[in-house]
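K.L.:
Provided below are the primary sequence and the corresponding predicted coordinates.
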Amino acid sequence: HKSTSNNKSLTVHPIGNMTTVIMGGKPQQLSPSASLIMKEAFLILKKYAEEAKVDVTCTVESTHPGPAVTTPSLFIEIGSTEEEWTDQSAGTVIAKVIEDIITQKNDERESVIVLGGGHYSPAANKILAETNYAVGHIASKYMIEHLTEDVV
């Protein structure tokens with residue numbers, strides 16, 4: 001993950017294009033979100049980052065432009081600069097999260113979407129951390145005006 005803010009972060013997010021194509025995929029097409037897995041990934045990410053004392057913010061990001069895939073998916077990333085990308089402790093946290101979520105199955109959650117807020121989503125973070133809901137796609141406030149009925 002690369003950002004202009006250069007925030008040290010470990011992130012999870014769904015993929016797809018709410019408007020035009022920027023990084024592949026098709027216009028106004030969202031790839032199915034793996035919301036149940038994303039919730040677990042977020043919770044485990046926070047746990048492992050705290051245990052490893054990695055100096056990062058763990059956060060959910062709004063839906064990113066990305067490829068069009070038919071399998072429920074998500075991105076899990078290290079941000080935001082090349083320095084963080086090569087941090088072995090952050091890489092180890094990501095690897096452990098992926099290993100854990102591959103071996104888990106949890107269908108006891110209800111999936112929801114989040115509309116509004118910024119690119120980083122404290123509201124989604126709170127929903128994931130404090131409720132039984134699993135957040136799927138997130139349309140930040142600057143995307144709302146571009147949403148069509150078909151996308152929603």
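P.N.:
Received the coordinates, thanks.

K.L.:
what sits against residue 87?
P.N.:
Residue 87 makes contacts with 54, 78, as judged by CB atoms under 8 Å, 6 or more residues apart in numbering. For the C-beta atoms, the positions are set from N, CA and C on the backbone; glycine is no exception.

K.L.:
OK, contacts around residue 123?
P.N.:
So residue 123 contacts 114, 116, 117 (CB under 8 Å, 6+ apart).

K.L.:
Look up phi and psi at residue 112.
P.N.:
phi -140, psi 170 (degrees, to the nearest 10).

K.L.:
which residues pair with it across the strands?
P.N.:
Taking DSSP bridges as the rule, residue 112 bridges to residue 135.

K.L.:
That one touches residue 127, doesn't it?
P.N.:
Yes: proximity of residue 112 to residue 127 meets the contact threshold set by CB atoms under 8 Å, at 7.2 Å.

K.L.:
Of those two, which one has the most company?
P.N.:
Using other CB atoms under 10 Å as the criterion, residue 112 and residue 127 rank with residue 127 on top: 19 against 14.

K.L.:
element containing that one?
P.N.:
According to DSSP states H and E, residue 127 maps onto helix 122-130.

K.L.:
Could you look up the SS state of residue 93?
P.N.:
Assigned by DSSP: H, G, I helix; E, B strand; the rest coil, the conformation of residue 93 is helix.

K.L.:
Do a quick rundown of the strands in the chain.
P.N.:
Secondary structure of the chain, counting by DSSP state E: strands at 9-13, 16-17, 29-30, 57-60, 75-79, 110-115, 133-139.
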